[in-house]
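K.L.:
Give me the fold of what follows.
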Amino acid sequence: MTLDEAKEQFIQTWGTLGSNWGINRTMAQIHALLMISPTALSSEEIQNKLVISIGNANMNLRELIAWGLVYKELKPGDRKEYFAAHKDIWHVAQCIIRERKRRELDPVRKAIETLSNITTNKNDPETKAYLEVVQDIQTLANNADKVIDKVLVSDKNWFYKKFIRFFIS
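P.N.:
All right, here's what the predicted structure looks like:
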């Protein structure tokens, strides 16, 4: 396999994986392209390499910046905006975890908290059954939140040691 073939396969694979962590395929492909690019690229270069519209490139670049995965670079004497991706995969993982937590777990925790505040008779069997399920979900969500917060502030060596210890023991 040539380098160009490997890079194309990486971009396509990362695009497919992106849908598993909550972003569209094109956004993930742009991210992959920027991760493997040795220099920052303009939106026009991204558009040409991935054969997408300039609007699609710009929209997805803004979203990647919002996720914290991509940042702008300015080149002296050039008015174009250039974009680069963070290359540290630990940083990438933390950005993805942080954004998914914000988009998915935080709203669930808020909804479950609201749903657990009912004003009916708490001794009623139907109410007890309802509250038991809601409180179990709340406990799971709160524990997941604590684990995610721990991962987000940890350094990668600590995390890898814990991760390996979890699977070995």
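K.L.:
nearest spatial neighbour of residue 68, skipping sequence neighbours?
P.N.:
Spatial nearest neighbour of residue 68, chain neighbours left out: residue 95 (4.1 Å); criterion: Cβ to Cβ, 6 or more residues apart in numbering. For every residue, glycine as well, the C-beta is placed using N, CA and C.
K.L.:
Give the burial count for the one you found, as a bare number.
P.N.:
Using other Cβ atoms under 10 Å, residue 95 is surrounded by 17 other residues.
K.L.:
give the contact list for it.
P.N.:
Taking Cβ atoms under 8 Å, 6 or more residues apart in numbering, we find residue 95 in contact with 67-69, 86.
K.L.:
So how do I select the buried members of those in PyMOL?
P.N.:
A single PyMOL command selects the buried members of the contacts of residue 95 (16 or more other Cβ atoms under 10 Å):
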select buried, resi 67+69+86
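K.L.:
Check the gap between residue 82 and residue 115 for me.
P.N.:
In this view, residue 82 and residue 115 are 46 Å apart by Cβ to Cβ, to the nearest Å.
K.L.:
the more surrounded of those two?
P.N.:
Ranked by neighbour count (other Cβ under 10 Å), residue 82 and residue 115 place residue 82 first, with 18 against 14.
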